[in-house]
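Colleague: Pasting the sequence and the predicted model now:
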Amino acid sequence: MTTALIYLVVMLLVAAVVFLLAAVVFGRGEELAPLPPGSSPTRLPAEDITGEDVRQVRYQLVLRGYKMSEVDWVMRRLGVELDELRGRVAELEAAQREPRPAGE
């Protein structure tokens, strides 16, 4: 009888330690308020995206990784920004190669 009681006490202690460890690792169960439908915590400036902006991008986690629509949106935005910058660089290089009229 005492052996069964000792096993029961040890099992309760192990369960308490596992519960406390899980509570420390995974938090206390607080949840953020849900986002409105169609909104996202992913943010980028409207224009002039910098490297720091890209490094600070955070995606919403879903069951199998990141939310694909947010990743796709960021990639489209970065693609547009890169295309605009490359176009501007090409314009400036072309203007630099053009001969300048005398007197300027």
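Modeller: All right, it came through fine.

Colleague: Can you give me the buried ones in the helix ranked longest in the chain?
Modeller: Counting residues, the longest helix found in the chain (DSSP state H) is helix 68-97. Within helix 68-97, the residues that count as buried by 16 or more other CB atoms under 10 Å are Glu70, Val74, Arg77, Glu81. All C-beta spots, glycine's among them, are computed from the backbone N, C-alpha and C.

Colleague: Burial check on Val57, number of neighbours?
Modeller: Neighbour count for Val57, taken as other CB atoms under 10 Å: 16.

Colleague: same question, Pro101
Modeller: Pro101: 6 surrounding residues under other CB under 10 Å.

Colleague: so how far is Leu92 from it?
Modeller: With distances defined as CB to CB, to the nearest Å, the gap from Pro101 to Leu92 amounts to 18 Å.

Colleague: and what of Ala46?
Modeller: 23 Å.

Colleague: what's the helix-or-strand element of the chain with minimal mean pLDDT in contact with?
Modeller: Using mean pLDDT, DSSP states H and E, the weakest-scoring helix or strand in the chain turns out to be strand 61-62, at a mean of 74. Applying CB atoms under 8 Å, 6 or more residues apart in numbering, the contact partners of strand 61-62 are Lys67.
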